[in-house]
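Undergrad: A predicted structure for the sequence below; I have some questions about it.
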Protein chains: 4
Amino acid sequence: MARPKSNDKRTAILDAAVRVFAERGLAAATSAISSAAGIAEGTLFTYFKTKDELVNAVYRQLKAELAIAMMSRFPARKSVRLRLLHIWTRYVGWGVENPLQQKVLRQVEMWHGLTKESKKAGSAPFREIETMMREAVRDRMVKNLPQVFMQATMSALAETVMELSRHDRKRARVYEKAGFEMLWAGIAKK
Amino acid sequence: MARPKSNDKRTAILDAAVRVFAERGLAAATSAISSAAGIAEGTLFTYFKTKDELVNAVYRQLKAELAIAMMSRFPARKSVRLRLLHIWTRYVGWGVENPLQQKVLRQVEMWHGLTKESKKAGSAPFREIETMMREAVRDRMVKNLPQVFMQATMSALAETVMELSRHDRKRARVYEKAGFEMLWAGIAKK
Amino acid sequence: MARPKSNDKRTAILDAAVRVFAERGLAAATSAISSAAGIAEGTLFTYFKTKDELVNAVYRQLKAELAIAMMSRFPARKSVRLRLLHIWTRYVGWGVENPLQQKVLRQVEMWHGLTKESKKAGSAPFREIETMMREAVRDRMVKNLPQVFMQATMSALAETVMELSRHDRKRARVYEKAGFEMLWAGIAKK
Amino acid sequence: MARPKSNDKRTAILDAAVRVFAERGLAAATSAISSAAGIAEGTLFTYFKTKDELVNAVYRQLKAELAIAMMSRFPARKSVRLRLLHIWTRYVGWGVENPLQQKVLRQVEMWHGLTKESKKAGSAPFREIETMMREAVRDRMVKNLPQVFMQATMSALAETVMELSRHDRKRARVYEKAGFEMLWAGIAKK
DNA sequence: TATGAATGAGCGTTCATTCAT
DNA sequence: TATGAATGAACGCTCATTCAT
């Protein structure tokens, strides 16, 4: 079967894309990516038919990594507050430890070429959060606010915290705690 | 600072740039901007030496507009909560009423080419907010949190509210109110 | 109005295209054409939006030149035979004297990208031939054969004669005469 | 001349090439040919060192098929007219029944990469026609015209008839007959 | 100053050919 | 021998910028 399409190489391209996009934005040339990945220019297109397809793949990859970071060891039995705190902590932690990934993810999320399929696939693993929040509303633990509001504010606050923490590592804990308190205070029933 | 001949034309270019960037992203061609502005391709470059300079100018322009919207009629005598609410309401209102501007502002803020000077100039008019918050901390009305945190979370929440409101105009008031409550609950001393 | 789009330059590009296509076929690079025309690569696209558009323009240009060569001084009053001979002679003469043009015209006519509009525009000036032949049929000077047949065989024979003549100039007259006799013998009523 | 292992595969490639070239022109990718032939991309190059070599081989193959179609059951004893008619009928018949082959043959004949050897090999089987015509000239059955002229006009007329017939099957007989009459009238001694 | 044609570096992508398997 | 991933030159085209008018 000749050299089989190697998963290593696919991964190398995705990794290189993240590095290059983080440094130069999504406008970076595919040739910069292929050379960062240590492959020929044409090879990139054996793995991703177009640049758009590559960017979509980067998005899915990052979302999947983030999902693993956030959703593993999810304490399904604990209180809503602790479950939300778990998610929050993991999210912020991932962003602080993976700054390139997080930066690129933000950029891609604002990008025009994301397909519906990618968006769907990207958000699928986070469905559990929605379920949790819905139940929390039903159980009167949390205010009856639109789902989108709760998720969007959580993302926005978490991303803010990540960025602040990256620039001022010493205060990372302060930011993280204050961010969560803001979120919880805005969401929880008194 | 060279003062070009026609301020009208300069303004026309900036306006056109906002419209075009909002629709096609910062990657839009300068020729699209000049034609939207009703001028020749080359003329754009008598007002802005490079595209990067134009984008920086757009940023400053938008920040200045936003500052006017936010800071005018600032109720310096009212309570901290009301002053903050004033800012919040103006900010969110500006974003909802000027969706193109707000979209472009977000894009430019994520862009790589913003100069330090632009960033400084852009945030200058908002110095007053910082002063206010500093006093509020001193007077124990507000928790002793880092300034950046308070400003960044306010921005993040406001932008989230704007975007949600644009997609769901009927809930705009709900979002605005819940957003402010979250911010205030996270900041105010109990 | 700055440098106006020059007709000279447009013509230079079309001429260069003919030369280059004749030498290397329609697959020749646009960069070869622009450099043969003495202009920058990008300039070609100010005059022709795409390569396909350029090839279509070449086709129309050549057809127009051919039409002028064939249809000028058309002896509308003479006998059918003499009128047909006039066309034949002009056609063959043009092909022999403009070998590059004729070669390229053949290639373009076999090409997939010719638009309907081009085909229509290209054949319009030759409408007069059709009229002539139709009248000749009506007047019983010529056999009642399908129009397409008469035109296609004339083209085929003329092109054959051109090519033979180019390779063997001394016999050009023989070929030309024999070719016409074949055509006339096949078409004329006995 | 290296004899590759599997003649089946060689033939499959040649057949596929004809189909693909007919549909997309000679610019078609070799990968399209190999996939149409049901083989791997690289395998094509064990049978034909380069694409040019493949096209040359296609030419020879088609010429050979055409020769078989035209020259078999050649009525060596009949009159010149009948012998010529036999050739004509077979030629036209082959073209009408093998439209892909005929289309590709025309394209390849206009192509720049045909080698002298191919041209020579391609025309070899038709030497018999030349002999026949030479004798016919000697025996005063046919005008003393250059060999090339007679062969080229026959080809040109036959190809014209094929193409017209393909587009208008009902008139195929008319075209075929009128084409031959034109040829014969142009060649035969009165 | 305003114009828009001219420029050419740079882009994403294709494809004939090579080569590790 | 057969495979198909790997290669990189080459392509058509775009666009920020320059410059003749």
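TA: Good, I have the coordinates.
Undergrad: does the lowest-mean-pLDDT helix or strand in chain A reach chain B?
TA: Taking mean pLDDT, DSSP states H and E as the measure, the helix or strand of chain A with the lowest value is helix A:127-138, at a mean of 92. No: Helix A:127-138 lies apart from chain B when judged by C-beta under 8 Å from any C-beta of the partner chain; the minimum separation is 13.3 Å. The C-beta positions use only the backbone N, C-alpha and C, and glycine is treated the same way.
Undergrad: in that helix, what counts as buried?
TA: Neighbour-count burial for helix A:127-138 flags A:128, A:129, A:132, A:133, A:136, A:137 (criterion: 16 or more other C-beta atoms under 10 Å in any protein chain shown).
Undergrad: repeat that for stretch A:179-190.
TA: A:179, A:180, A:182, A:183, A:184, A:185, A:186, A:187.
Undergrad: what is the nearest of these to DNA strand F?
TA: residue A:179 (37.8 Å; C-beta to the nearest atom of the strand).
Undergrad: roughly how far apart are the closest one and chain C?
TA: 51 Å (C-beta to the nearest C-beta, to the nearest Å).
Undergrad: quick one: that residue and residue A:160 touch, right?
TA: Yes: look at residue A:179 against residue A:160 with C-beta atoms under 8 Å: they come within range, at 6.9 Å.
Undergrad: which residues do those two both contact?
TA: Common neighbours of residue A:179 and residue A:160 (criterion: C-beta atoms under 8 Å, 6 or more residues apart in numbering or on different chains): B:149, B:153.
Undergrad: how about the residues of chain A near DNA strand E?
TA: A:2-3, A:28-32, A:41-42, A:44-45, A:49-52 (C-beta under 7 Å from any atom of the strand).
Undergrad: check contacts around the closest residue to residue A:132 other than its chain neighbours.
TA: Excluding the flanking residues, the one nearest residue A:132 by C-beta to C-beta, 6 or more residues apart in numbering or on different chains is residue A:83, at 5.9 Å. The contact partners of residue A:83, taken as C-beta under 8 Å, 6+ apart, are A:74, A:75, A:76, A:132.
Undergrad: please, which helix or strand holds residue A:83?
TA: Assignment of secondary structure by DSSP states H and E places residue A:83 within helix A:80-97.
Undergrad: give me the contact list for whatever helix or strand comes next after that helix.
TA: The helix or strand immediately downstream of helix A:80-97 is helix A:99-110, counting by DSSP H and E. Helix A:99-110 is touched from outside by A:18-19, A:21-22, A:25-26, A:55, A:58-59, A:62-63, A:65-66, A:94-95, A:114, A:159, A:162, A:166, B:106-107, B:110, with contacts defined as C-beta under 8 Å, 6+ apart.
Undergrad: is it possible to mark the buried ones in the residues you listed?
TA: A:18-19, A:21-22, A:25-26, A:55, A:58-59, A:62-63, A:66, A:94-95, A:114, A:159, A:162, B:106-107.
Undergrad: burial measure for residue A:73, as a count.
TA: By other C-beta atoms under 10 Å in any protein chain shown, 8 other residues sit near residue A:73.
Undergrad: dihedrals phi and psi, it?
TA: Main-chain dihedrals, residue A:73, degrees, to the nearest 10: phi 60, psi 30.
Undergrad: also residue A:25?
TA: Per degrees, to the nearest 10, the backbone of residue A:25 is at phi 80, psi 170.
Undergrad: looking at the contacts of helix A:99-110, which are in helices?
TA: A:18-19, A:21-22, A:55, A:58-59, A:62-63, A:65-66, A:94-95, A:159, A:162, A:166, B:106-107, B:110 (DSSP state H).
Undergrad: which of the buried residues of helix A:127-138 sit farthest apart?
TA: The span of the buried residues of helix A:127-138, defined through C-beta to C-beta, is set by A:128 and A:137 at 15.2 Å.
Undergrad: which residues of chain A lie near chain D?
TA: Checking chain A against chain D by C-beta under 8 Å from any C-beta, the hits are residue A:2.
Undergrad: for chain A, what lies in contact range of DNA strand F?
TA: Residues of chain A lying near DNA strand F (C-beta under 7 Å from any atom of the strand): A:1-6, A:9, A:39-43, A:45-47.
Undergrad: so for whichever helix or strand residue A:8 is part of, mean pLDDT?
TA: Secondary structure from DSSP H and E places residue A:8 in helix A:7-24. Helix A:7-24 shows a mean pLDDT of 96.
Undergrad: show me what that helix packs onto, helices and strands only.
TA: helix A:30-36, helix A:44-47, helix A:51-71, helix A:99-110 (3 or more C-beta pairs under 8 Å, 6 or more residues apart in numbering or on different chains; DSSP states H and E).
Undergrad: list the contacts of it.
TA: For helix A:7-24, with C-beta under 8 Å, 6+ apart as the criterion, the contacting residues are A:28, A:32-34, A:36-39, A:43-44, A:47-48, A:54-55, A:57-58, A:61-62, A:99-101, A:103-104, A:107-108, B:112.
Undergrad: buried ones from the residues you listed, can you make that a PyMOL selection?
TA: Buried members of the contacts of helix A:7-24, defined by 16+ other C-beta under 10 Å, are picked up in PyMOL with:
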select buried, chain A and resi 28+32+33+34+36+37+39+44+47+48+54+55+57+58+61+62+101+103+104+107+108
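Undergrad: list phi and psi for residue A:188.
TA: phi -70, psi 150.
Undergrad: please list all residues in contact with residue A:37.
TA: Residue A:37 neighbours (C-beta under 8 Å, 6+ apart): A:9, A:12, A:13, A:15, A:16, A:17, A:44.
Undergrad: what distance do you get for residue A:162 to residue B:160?
TA: Counting by C-beta to C-beta, to the nearest Å, the separation of residue A:162 from residue B:160 is 15 Å.
Undergrad: show me the shaky parts of chain A.
TA: Low-confidence segments of chain A (pLDDT under 70): A:1.
Undergrad: what residues does it put near chain B?
TA: A:24-25, A:27, A:106-107, A:110-112, A:143, A:145-146, A:148-149, A:152-153, A:155-157, A:159-160, A:163-164, A:168, A:171, A:174-175, A:178-179, A:181-183, A:185-187.
Undergrad: among these, which are in helices?
TA: A:24, A:106-107, A:110, A:148-149, A:152-153, A:155-157, A:159-160, A:163-164, A:174-175, A:178-179, A:181-183, A:185-187.
Undergrad: re the thing from before, top of the residues of chain A next to DNA strand E by neighbour count?
TA: residue A:44 (22 neighbours).
Undergrad: contacting residues for it?
TA: A:13, A:30, A:33, A:34, A:37, A:54.
Undergrad: try it again with 7 Å
TA: A:13, A:30, A:33, A:34 (C-beta atoms under 7 Å, 6 or more residues apart in numbering or on different chains).
Undergrad: what's the closest non-adjacent residue to it?
TA: Nearest one to residue A:44, counting by C-beta to C-beta, 6+ apart, is residue A:34 at 4.5 Å.
Undergrad: and the helix holding residue A:83, how far from the chain's centre?
TA: 12 Å (C-alpha atoms, centre = their mean, to the nearest Å).
Undergrad: go on, stretch A:155-168?
TA: 13 Å.
Undergrad: list of residues touching it?
TA: Looking at stretch A:155-168 with C-beta under 7 Å, 6+ apart, the contacting residues turn out to be A:88, A:91-92, A:95-96, A:99, A:102, A:106, A:172, A:175-176, A:179, A:182-183, B:148-149, B:152-153, B:156-157, B:159-160.
Undergrad: in that stretch, which residues are buried?
TA: Those would be A:156, A:157, A:158, A:159, A:160, A:161, A:162, A:163, A:164, A:165, for stretch A:155-168 by 16+ other C-beta under 10 Å.
Undergrad: returning to that earlier point: which of the contacts of residue A:37 lies closest to residue A:121?
TA: For these, the nearest to residue A:121 is residue A:17 (17.5 Å; C-beta to C-beta).
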